[in-house]
Each structure stands twice: as structure tokens, then as C-alpha cells.
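Enquirer: The sequence isn't on hand, but the structure is:
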């Protein structure tokens, strides 16, 4: 059982990236799935999540209106569309899942690095 995050890279301020989180051995639509990020020297921050039950979405204030989380059940993948990127969005982004449905983010994927710089 694992999550595979991809899609990070270098982008200029104002640009866009789409991160993908593919599930293996886990059906993502049956679990809450989220994204966290950690910038150098900073604490890990919750960015967004999508619920399993009805697909409700939640966003940190810092990304609201710029990031969109979505789910493609056919591909067993959750996406994070990031627009209007800022240098302060630079971080390693991790996808997470509530594997045991306890309210804990107990399954973590490897990170993907997003660098926003001119």
C-alpha cells in the first residue's frame, strides 16, 4: 500500500503546476486524501484535503482561491492544481491518506519538490 506523488518542479512566480497522488493497494475514493507541505526551516503545513464521503474540499487560507484539489476515481489519483504560484509556495509537497479511517493521516507518500523562483 503506497501513495506516489509526482508533478513537482521549477516554475516562475505566477505560474502553475499540477501535482498527482496515485494510490497503489488503496482505493483513494474510499479514504480522505490530503496534501501537506514543508518548506526549508519551517514546520509542516496542511494545504488541502478532499473527503471520501462526499468529496468536500478544504484549503489552508494561504492557498485558498489559488489551489484546487480533485479526484479521478477511474485513475485512482488525487490532484492538486496550483495556480498563481508564489515564492512562498516553495516546499516539498506530500500526499497523505486516512488509511484506517481514524481521522489520522497515517499513510504518507514520498515528497515532490516544488520550487517557485524567477
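Expert: Perfect, I can see it now. If you're wondering where the values come from, they're calculated on a predicted model, not measured in any experiment. Numbers count the residues shown, from 1 in each chain.

Enquirer: Need phi/psi at residue 18.
Expert: Note on residue 18: backbone dihedrals following degrees, to the nearest 10 are phi -120, psi 120.

Enquirer: ok, so what distance separates the nearest residue to it once chain neighbours are set aside from residue 98?
Expert: Spatial nearest neighbour of residue 18, chain neighbours left out: residue 81 (5.1 Å); criterion: CB to CB, 6 or more residues apart in numbering. The way it works is simple: take the backbone N, C-alpha and C, and place the C-beta from them, glycine included. Look at residue 81 and residue 98: by CB to CB, to the nearest Å, they are 22 Å apart.

Enquirer: Now for the residue nearest to the spatial centre of the chain: which residues touch it?
Expert: What sits nearest the mean C-alpha location of the chain, by CA atoms, centre = their mean, is residue 35, with 3.0 Å. The contact partners of residue 35, taken as CB atoms under 8 Å, 6 or more residues apart in numbering, are 19, 21, 46-49, 69, 80, 93-96.

Enquirer: Can you tell me what sits against stretch 10-24?
Expert: Looking at what lies outside stretch 10-24 - CB under 8 Å, 6+ apart - the contacts are 1-9, 28, 33, 35, 75-87, 93, 95, 97, 109, 112, 114-118.

Enquirer: In ChimeraX, how would I select the buried members of those residues?
Expert: Here is the ChimeraX selection string for the buried members of the contacts of stretch 10-24, based on 16 or more other CB atoms under 10 Å:
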select :3,5,7,8,28,33,35,76,77,78,79,80,82,85,93,95,97,109,112,114,116
